[in-house]
Structure formats: C-alpha cells, structure tokens
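Participant: can't give you the sequence, but here's the structure:
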C-alpha cells in the first residue's frame, strides 16, 4: 500500500510505548481489515483495457497476477469528469473551449515563433496545424496545438478561425487536476486515475466525452515524461483530412493516417501471381481511439510516384480479435501446405495489462494462406488452435505445428 512506510514508522513508535503490545494488535487488525477491503486491480483479468472483451482461455499461460501488481492501485479512484481534463497556466483555465485568439492577445507569440516557421506542424491549402509554445520554443513549459483555417489578408496568408486541438505539458511544475506531473511514477498514475481506457506501448490514455488524457512514460526510468491532453483532436483530423485532395475510388496509402508502417517487419519479396512486391506491416489507430490493430498490404515495388501504390489489402488479422496490438513481432513467407503457393505467418504481441513497471504482453499468431487465384484467406479455427496450444511464441513453433495438420485451402 502507498502508506506502508508510514505504518511501519508508527509501529516502531508503538513498540516503545509501555502499552505497545495492545496498540500493536489493534494496528494489525486495522491493517488487515484495510487490506482485505481495498480494491486492488491487477489488469490481467483477461480483458483488454478498452473493450472488456473476454479473451480466449488457452489453458497454457500461467496466471500472471504477480505480486508486483499488488501496489498498482491502492484505492478506487473516482470516475473521470470533464474537469479532469482542465489545466491552469498563468492563472488562466485551459479547456476544450479555450479561445486561442484570446491567449495570443494576452501573452503574444513567444520567442522563437517566427524562427520555428510560425510553429508549423502540418497543413494543406485550407488548414494549418501549428504549435504555440510558452515561454519560448527553445525550452517550453507548455505547448498548445492549434488548427487554423488559412485566410488571405491582402496578399498575405494569415490564421483565420482557430481552435485548441491539444495541450502538451513539458515541465514538472505543472500538474493535472488530480496532481499528476512529469517525473511521477507509473504507479502513481494508476493510483490517481485507475484503469486506463487505452494502453499502448508507452502511454496510458484516459478518455471521456471525446476528451483524452494521454500519459506517456520513459520505459527505462518508468516515470512520466509527457502529459498530453486532447480537446478537439478528432474534429481537427477530420477537417484537415477532408481538405486534402483524394482521388475518387483511390486506395488509401499506408504512409498516410491512420496507418503507421512497421518498417522492421515490412519486406520486399516475390509472391506467386504478384511478382516482386512490398509486403507492408502497419498498425492502425482506430478513429474511435479504441484499439490499435494490425493491418497488412501488398504495395507496388517502385520508388516512383505511382497513382495507386496498394495492390492488395489482406483480410482481418486473427490477432486483432478483441485485442490491442503492441507490435508486429515476426513475419515469414513459406509454403506451409505444400500446394506451390506462398503462405505468410505473422506473430504479434498484444497488450494484456499494465503494472507499475509498464505494459505486459503475450504473443498471438495468424496465418494467411494463398489461394490459386493469388489472393489470401485465413483459417480461423487453425489460428485458434495454434494460439490455444501455445504454439505461437516463435515462427518455428508455428511452422512445426502447422506442418502436422491437414490443410486444404479452397
């Protein structure tokens, strides 16, 4: 418990009292009562943090309710309220309705604004996304992420209608409403906020009514290194994306949102019927901020600007089912059922929970079998069997297990 040190000191003092034995007994009784009644969550209940989806009972993995999880949450944090996403800077309340023009009128543009291309982050002919940093851009305490409509004033392009997209806390002297600051431990995050809405490999996300509090930590020090609050992120993404020119019926390019290419697991390869292509592994962050899931593509093997780079989008990956993918771990191209076609084995790590030391993961495997028409299909029952029996830890595990099965792909 968070107050163990305090109780230990109290017990030492009580031993010195003449009536110490009696008081010691009372303290022990109270301590046991408090321990038995406190709500301790271990985040390994078989549910993802976001979907509460029941995981498959493999009967293979040991119960990971480790002792290290016992001090993750010492009490039951209150439910999130809109005010939990508010912060105060220079005695000014910052929330989803903050007027950016008013802030600029009060504080002006900070040092480094022009030198940093007026805070430019991204944009197109209609909108620009930019940052407003205080007290300066060199060593900011806080960053305001802004979306502005580009307008023409005379012969000069200026920021027209603008609104606050998000805020990034960069200095430990600023705290959230619940008292969290940069430098605090992951354990403190869980004590203050409880179970997150979303867990990724380096952040915990708490969400309510379209507001998102993203707490990022350093995996080496296990301490918070950034606090990022989203107020109007979904709105800004939709507006900026809608202003981009997209050719009718064009395939999405995984270089663009919402895909993030996993370059270490993307390869140039030769596949039956396709010739030399690029196999692209990506992670897709759903617009709803619910699950980060794996998506795979075949892409034209050319560095030239090709109109439609994507040749083929693979079916749903087995590992996505009710899970949040942390990373694509391994990919193998091999004819598994001896039919002359190239099959593809994929192993990913998915997130099972979080404790005071970071995230916990387990492997999940899935296979794409190539059909005679060169497209790919999955065999969900085989994928299920591979993972239930625990033959999913390495590519060799998967290949050896599948080689003993009778597989017929139509």
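Facilitator: Perfect, thanks for sending it. These figures come from a predicted structure and were not determined experimentally. Numbering: from 1, shown residues only.
Participant: In the chain, where is pLDDT below threshold?
Facilitator: 1-76, 242-258, 285-290, 303-308 (pLDDT under 70).
Participant: can you give me the helices for it?
Facilitator: Along the chain, the stretches classed as helices by DSSP state H are 4-16, 20-37, 100-107, 186-193, 233-242, 380-388, 395-403.
Participant: Show me the chain divided up by domain.
Facilitator: Split into domains by automatic domain parsing, the chain comes to 1-37, 82-234, 247-403.
Participant: With mean neighbour count added, can I get the ones you listed in JSON lines?
Facilitator: Every residue, glycine included, has its C-beta placed from N, CA and C. Output for these, formatted as JSON lines (neighbours: other Cβ atoms under 10 Å):
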{"stretch": "domain 1-37", "mean neighbour count": "11"}
{"stretch": "domain 82-234", "mean neighbour count": "17"}
{"stretch": "domain 247-403", "mean neighbour count": "17"}
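Participant: Kindly reformat those as JSON lines containing distance to residue 409.
Facilitator: Output for those, formatted as JSON lines (distance: least, Cβ to Cβ, whole Å):
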{"stretch": "domain 1-37", "distance to residue 409": "55"}
{"stretch": "domain 82-234", "distance to residue 409": "34"}
{"stretch": "domain 247-403", "distance to residue 409": "5"}
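Participant: The nearest residue to residue 201 once chain neighbours are set aside and residue 155, how far apart?
Facilitator: Spatially, and ignoring its direct neighbours in sequence, residue 201 is nearest to residue 326 (5.0 Å; Cβ to Cβ, 6 or more residues apart in numbering). Per Cβ to Cβ, to the nearest Å, residue 326 is found 50 Å from residue 155.
Participant: Kindly report the same for residue 201.
Facilitator: Relative to residue 155, and taking Cβ to Cβ, residue 201 is found at 47 Å.
Participant: thought residue 177 was touching residue 82?
Facilitator: No - Residue 177 is beyond contact range of residue 82, at 10.1 Å (criterion: Cβ atoms under 8 Å).
Participant: Nearest spatial neighbour of residue 167, chain-adjacent residues omitted?
Facilitator: Residue 167 sits nearest to residue 229 (Cβ to Cβ, 6+ apart), 4.9 Å away.
Participant: show me what contacts the residue nearest to residue 378 when sequence neighbours are not counted?
Facilitator: Spatial nearest neighbour of residue 378, excluding adjacent residues (Cβ to Cβ, 6+ apart): residue 315 at 5.5 Å. Residues counted as contacts of residue 315 (Cβ atoms under 8 Å, 6 or more residues apart in numbering) are 368, 376-378.
Participant: 7 Å - rerun?
Facilitator: Remark: with contacts taken as Cβ atoms under 7 Å, 6 or more residues apart in numbering, residue 315 is in contact with 376-378.
Participant: ditto for residue 123
Facilitator: Counted by Cβ under 7 Å, 6+ apart, residue 123 has contacts residue 129.
Participant: what about it, distance to residue 99?
Facilitator: Residue 123 is 21 Å from residue 99, by Cβ to Cβ.
Participant: same question, residue 278
Facilitator: Taking Cβ to Cβ, one finds residue 278 at 46 Å from residue 99.
Participant: Strands of the stretch 151-300 of the chain, residue ranges please.
Facilitator: 156-169, 198-199, 203-208, 211-218, 223-230, 259-261, 267-271, 275-285, 292-300 (DSSP state E, counting those that start in this stretch).
Participant: Likewise for the stretch 301-410 of the chain?
Facilitator: 310-313, 325-334, 343-355, 358-370, 376-377.
Participant: want to throw those strands into a markdown table with distance to residue 269?
Facilitator: Formatted as a markdown table, the strands of the stretch 301-410 of the chain follow (distance: least, Cβ to Cβ, whole Å):
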| stretch | distance to residue 269 |
| --- | --- |
| strand 310-313 | 13 |
| strand 325-334 | 6 |
| strand 343-355 | 9 |
| strand 358-370 | 12 |
| strand 376-377 | 13 |
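Participant: and of these, who's closest to residue 194?
Facilitator: Residue 194 sits nearest to strand 343-355 of all the strands of the stretch 301-410 of the chain, at 11.1 Å, using Cβ to Cβ.
Participant: in its sheet, what does the closest one sit against?
Facilitator: strand 325-334 (antiparallel), strand 358-370 (antiparallel) (DSSP bridges).
Participant: how many degrees apart are that strand and strand 267-271 in direction?
Facilitator: 150 degrees (axes from the mean of the first three to the mean of the last three Cα atoms, to 10 degrees).
Participant: orientation of strand 343-355 relative to helix 186-193 in degrees?
Facilitator: Using the same axes, to 10 degrees: strand 343-355 against helix 186-193 is 70 degrees.
Participant: distance between strand 343-355 and the chain's centre?
Facilitator: 14 Å (Cα atoms, centre = their mean, to the nearest Å).
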